[in-house]
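Asker: Sequence and computational prediction follow.
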Amino acid sequence: MVVPVRLSAAPKPLARPVLYSGFHPGAAMEQAKPSFPEASIPEHRHADALIEVLHQVQQQRGYLPAEALAQVARDLALPLSRVHGVATFYHLFALQPPTSHCCSVCLGTACFVKGAGVLVAALEQRLGLRFGARSPQRRDAEGSDGDAWSLREESCLGACAQAPVLRVDGQLVLGLPVSDPSRLAACFGALALPDRAAEAA
Amino acid sequence: MSVLTLWVDGAAVAVPAGASLLEASRAANVEVPTLCHLDGLAPVGACRLCLVEVDLPGDGSPTRLVPACSTAAGEGLVVRTATVQLQRFRRMAVELLFAEGNHVCAFCVANGACELQDAAVAVGMDHSRFPFQYPRRHVDASHPHFVIDHHRCILCTRCVRVCDEIEGAHVWDVANRGSHCQIIAGLDQPWGTVEACTSCGKCVDVCPTGALAHNDDTTAEKRAARERPALLRSARERQRWHNQGGPP
Amino acid sequence: MASMLRCCSASGCRSAGGEALQQALVEARSRAGAGDGAPVIKAVGCLRLCSRGPLVAVDGPAGSVLYGEVPSARAAELLEACAAPPRAAAARRALASHALDLRHPFFALQEPVVLETCGLIDPESIDDAMAHGAYSTLHRCQAELTPAQVREQVRLSGLRGRGGAGYPTGLKWDTVALQPPGPRWLVANADEGDPGAFMDRAVLEGDPHRLIEGMAIAAWAVGADQGLIYVRAEYPLAIARLRRALAEVQARGQLGSLRLRVRVGAGAYVCGEETALLASIQGRRGNPRPRPPYPAQLGLWGAPTLINNVETLAAIPAILRRGAADYAALGTAGSRGTKVFSLSGAVRHTGLVEVPMGTSLRTIVVTMGGGVPGGEGADGGVKAVQTGGPSGGCIPAALLDTPVDYEGLRALGSMMGSGGMVVIDQATGMLELARYFMRFSVAESCGKCVPCRAGTVQLLQLLDRFCDQRASPADLAQLHDLCAMVKATSLCGLGQCAPNPVLSTLRHFHQEVVSALAVAPGGAP
């Protein structure tokens, strides 16, 4: 059953009523139709915990490897595709192992107005990475990837008053001096960002 | 069962309480185009082709656009299904779908049996004004009987719903978001390796385009059976078997 | 009163060195010998003027002074400034360059209702919150009023949803309360996803007990015995403080039989939409669904569910304590009470302001915010003010006298949104800004409905053509048509509002759009 649109006035008189009599599959389905779209599938309380469980797995493993997703699906008695669908819907779930260092630029409106674009360009040059990219994975025997970096965007961190904002390995860096290249470079140096451009030269 | 009366394109119709506006339109012999909707599956209101204009009676509130498939008929509603504006929007929606994927009717397995093609004809679309996106998608032919060609997928999610609601296997789901959305089997793995799949073929039956097909079908050979979910649901839930075919 | 140092411990000031400063203060105090008269050092919520962080408020016998950008090295002087007048005077003179003038309009024109105890109390101490009156209104409501009377007060206050749409809160409460008997749920929407908005973060980080008290009153008024707070994962400090506050309040038994829990999002703007929020809470992809049925009829696990924004719920204790009429006396006829705005972008004083509804944009941006740094003239160098985030629009400087309320902003093609207010200076191109928001909508579209999934992609490509000066007049016509289609036919608010930044640019900055058209013949179709 579909819940009706609320009505307020009395019905208008009908000119030529067409009686609803003929069979078609849709009419026959009226009883069978679930009470409202999509949320109609009977809910197992277990399934509700999916996002929380994925958060926990990611906290432990650093990301969501395929075998962990399969394990979560088995534990919660959920379809694999549904677990994968949820894991790929949300930005904060990573299906790739993280690089050992991460630099993310807030792309909120205030940051945009205050020159986040300049900041991104400077970081791309400094790290030798395109925005949204990561250093190639070169894992050694211990599984460490050396000092691989990734450069990505971050949704608004709510630190708009001190825009533009950067996050380096979880640490928030505020009010970067984007209009002054030398001070900006000094900031990057203080944050121990590798200077790939200089290394290449 | 109580009965509601309402107006569809100027004609009054009576429908049982709980019927959708789409059912009311059919009762008034008005064809509203649909793509994601399929009788027998839960409506999702995603393709926006079945949007209709609704006036609530007498209260002077502004006209609303609502999806006919997932909006209940209400007493005294005035419904318009084919205004100039609606036709313009529908055409744009179909153009957006064509531009979004890689749809080449000439050598498509579903040519002639494709609901996207039918929708284009119904809304009078002969070309897309929007630039084609030419997305890089792939074809998965790992299943012994079927094939999925993502280039032709319009993300109507009928396959997801039929597999979940009717077959109960839930092989399919949608991964990613926005324009990166994609239908996936299992953990985004080759379809043929998904243990949950019963190879029942209902997803192929209901697919509106040539995205899902039998792997021995070639151009214009797709055999769809889109009435199947409604018949199966009727049999299962109401003990009424309309799926037995004609006399032998 | 004992003298006290209130250190802003909101995430902005913390990152600007607030944590180190507080540590330095504690060390300086122990060096000086912590006698009975030693000042109390307290971590508090947002002190408003974030651009001058780290902020410290000094309350001493010589009065209160707010200091900004204080280096940790001057901790000893800050302690001195708390002392009795003769000793304090010297320290205060030495710190004069850091003192902020509380008579400046940025502070003087504020009308704290939602934020009345934010910045005064320690958000990690329930005792401190209760000493400032937390939970007293809840107990008074339960002792003296019926649930229907509480709902009547909320209705009479004229409070409207602060999440953006402005739906009357009292009506929403009644709709949930009057559903057939059975369980009900309460959800606080703390998924503050609008880029440029941080009001809810300030409440969560600075005064979590106010939100919890508002929720407890709401739950009691609509008959809900379970509630959830859905917080975006990008606010780790807010989550930690909220969890702590909930644990404390439940340990004290202040909430009776009401059970509240925190749910953490996972990064999806669309989950601020209420049906997507419900899907996410239930462990699913955050896809919205068609309404009706509304969550007030059919929500979490099929039960009627009241969903209110953080700021809406945080206003409730003040409304019931002061009385509906007193609250309704603030603001305009259609938009009562106060609204918290987060002021950022190209403006001298950035931070949080809470002002009565109907305050003009000019007052907020030029008088309180000080205009663009280095800006001249009556408009303070402001080119436009962006409100409502990716769902809103830009209001040009010529319309700065517009009173800020729901209808006023909507009439100009923008919207209140959750309260982000980003000031745009002459250096920012409006088409670039429109493209920025469209890029955001493309990235955040859930992908369920066609107009939003495919339409925003096409809109973004059209805007690219304008920004690259290769658009044709035909592109302009198509931009208009496609905006109209996406706005009219998208399934949820995200898609329906995605064209707004473009439409407001077309409306208020038409000249900029026209001059972006390609010079023939290169751009001719």
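Answerer: Okay, I see it.

Asker: Just the local confidence number for the closest residue to A:Ala122 other than its chain neighbours, please.
Answerer: Of all residues beyond its chain neighbours, the one nearest A:Ala122 is A:Leu184 (5.8 Å), with distances taken as C-beta to C-beta, 6 or more residues apart in numbering or on different chains. The C-beta positions use only the backbone N, C-alpha and C, and glycine is treated the same way. On the pLDDT scale, A:Leu184 is placed at 94.

Asker: before we move on, what about the one 3 residues further on?
Answerer: Note on A:Cys187: pLDDT of 92.

Asker: From the structure, what's the count of residues near residue 191?
Answerer: Going with chain A. Neighbour count for A:Leu191, taken as other C-beta atoms under 10 Å in any protein chain shown: 14.

Asker: hm, I was asking about chain C
Answerer: By other C-beta under 10 Å, 32 other residues sit near C:Asp191.

Asker: need the contact list for the residue positioned nearest the centre of chain B.
Answerer: Centrality entry for chain B: nearest residue to the mean C-alpha point is B:Cys36, 2.4 Å, by C-alpha atoms, centre = their mean. The neighbourhood of B:Cys36, defined by C-beta atoms under 8 Å, 6 or more residues apart in numbering or on different chains, consists of B:43-47, B:69, B:156-158.

Asker: try 10 Å
Answerer: The contact partners of B:Cys36, taken as C-beta atoms under 10 Å, 6 or more residues apart in numbering or on different chains, are B:43-50, B:67, B:69-70, B:115, B:154-158, B:161, B:208, C:448-450.

Asker: so where do the strands sit in chain B?
Answerer: Taking DSSP state E as the test, the strands found in chain B are B:3-8, B:11-16, B:51-55, B:64-67, B:78-80, B:139-140, B:146-149, B:172-175, B:182-185, B:212-214.

Asker: got the domain boundaries for chain A?
Answerer: Per the record's domain assignment (automatic domain parsing), chain A is made up of the domains A:45-98, A:101-139+A:146-200.

Asker: shaky segments in chain B?
Answerer: Confidence mapping of chain B against pLDDT under 70 gives the ranges B:1, B:58-60.

Asker: and the longest helix seen in it, what other elements does it pack with?
Answerer: Secondary structure assigned by DSSP state H gives helix B:84-100 as the longest helix of chain B. Under the contact definition 3 or more C-beta pairs under 10 Å, 6 or more residues apart in numbering or on different chains; DSSP states H and E, helix B:84-100 sits against strand B:51-55, strand B:64-67, helix B:115-122, helix C:450, helix C:456-467, helix C:473-489.

Asker: Just name the most buried of the ones you listed.
Answerer: Neighbour counts (mean count of other C-beta atoms under 10 Å in any protein chain shown) averaged over each of the helices and strands packed on helix B:84-100 peak at helix C:450, with a mean of 28.

Asker: element containing the residue positioned nearest the centre of chain A, please.
Answerer: Centroid check for chain A by C-alpha atoms, centre = their mean gives A:His91 as the closest residue, at 0.7 Å. Following DSSP states H and E, there is no helix or strand that holds A:His91.

Asker: Once you drop chain neighbours, what's closest to it?
Answerer: Computed as C-beta to C-beta, 6+ apart, the closest residue to A:His91 that is not its neighbour in sequence is C:Gly267, at 3.3 Å.

Asker: What about the one you found, how many residues nearby?
Answerer: For C:Gly267, using other C-beta under 10 Å, the count is 19.

Asker: Could you point out which residue ranges in chain A have low pLDDT?
Answerer: Applying pLDDT under 70 to chain A picks out residues A:1-45, A:137-146.

Asker: Show me the strands in it, by range?
Answerer: Assigned by DSSP E, the strands in chain A fall at A:101-106, A:149-154, A:166-168, A:171-173.

Asker: Reformat those as a markdown table; add mean neighbour count and distance to chain C.
Answerer: Putting these into a markdown table (neighbours: other C-beta atoms under 10 Å in any protein chain shown; distance: least, C-beta to the nearest C-beta, whole Å) gives the following:
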| stretch | mean neighbour count | distance to chain C |
| --- | --- | --- |
| strand A:101-106 | 21 | 8 |
| strand A:149-154 | 20 | 8 |
| strand A:166-168 | 20 | 10 |
| strand A:171-173 | 15 | 4 |
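
Asker: need the contact list for B:Phe89.
Answerer: Neighbouring residues of B:Phe89 by C-beta under 10 Å, 6+ apart: B:48-49, B:51, B:65, B:83, B:123, C:451, C:481, C:484-486, C:488-489.

Asker: can you rerun that using 7 Å?
Answerer: Shown in contact with B:Phe89 (C-beta atoms under 7 Å, 6 or more residues apart in numbering or on different chains): B:51, C:485, C:488-489.

Asker: and the gap between it and C:Leu258?
Answerer: 46 Å (C-beta to C-beta, to the nearest Å).

Asker: circling back: B:Ala235 is nearest to which of the strands of chain A?
Answerer: Distance to B:Ala235, taken as C-beta to C-beta, is lowest for strand A:149-154 among the strands of chain A, at 51.2 Å.

Asker: Strand A:101-106 and that closest one, what's the angle between them?
Answerer: Angle, strand A:149-154 to strand A:101-106, by axes from the mean of the first three to the mean of the last three C-alpha atoms, to 10 degrees: 20 degrees.

Asker: Does at least one residue of strand A:149-154 sit close to chain B?
Answerer: No - under the criterion of C-beta under 7 Å from any C-beta of the partner chain, strand A:149-154 makes no contact with chain B; the nearest approach is 14.6 Å.

Asker: in chain C, which residue is closest to the centre?
Answerer: Central residue of chain C (C-alpha atoms, centre = their mean): C:Met199, at 2.3 Å.

Asker: And what about the closest residue to that one other than its chain neighbours, helix, strand or coil?
Answerer: Distances taken as C-beta to C-beta, 6+ apart place C:Val340 nearest to C:Met199, at 4.2 Å, with adjacent residues excluded. Here C:Val340 is recorded as strand under DSSP: H, G, I helix; E, B strand; the rest coil.

Asker: who's C:Val340 bridged to?
Answerer: Beta-bridge partners of C:Val340, counted by DSSP bridges, are C:Glu354.

Asker: Next one: it relative to chain B, how far apart?
Answerer: Going from C:Val340 to chain B by C-beta to the nearest C-beta, to the nearest Å gives 30 Å.

Asker: In contact with the residue nearest to the centre of chain A, which residues?
Answerer: The neighbours of A:His91, taking C-beta under 7 Å, 6+ apart as the test, are A:155, C:267-268.

Asker: any idea of the mean pLDDT in stretch C:456-476?
Answerer: The pLDDT scores in stretch C:456-476 average 96.

Asker: hang on, the earlier thing: the residue nearest to A:Ala122 contacts A:Leu176, correct?
Answerer: Yes - here A:Leu184 reaches A:Leu176: they are 6.3 Å apart, a contact under C-beta atoms under 7 Å.

Asker: So which of these two has more stuff around it?
Answerer: Between A:Leu184 and A:Leu176, A:Leu176 has the larger neighbour count (other C-beta under 10 Å), namely 26 against 19.

Asker: quick one, strands of chain C?
Answerer: For chain C, the strands defined by DSSP E cover C:4-8, C:40-44, C:56-60, C:63-67, C:99-100, C:185-190, C:226-231, C:259-264, C:305-309, C:338-345, C:351-356, C:382-387, C:393-396, C:420-425.

Asker: now the angle between strand C:56-60 and the first one, please.
Answerer: Direction vectors for strand C:4-8 and strand C:56-60, defined by the same axes, to 10 degrees, enclose an angle of 170 degrees.

Asker: how much space between the nearest residue to B:Glu53 once chain neighbours are set aside and B:Ala46?
Answerer: Spatial nearest neighbour of B:Glu53, chain neighbours left out: B:Arg80 (4.3 Å); criterion: C-beta to C-beta, 6+ apart. B:Arg80 sits 22 Å away from B:Ala46 when distances are taken as C-beta to C-beta.
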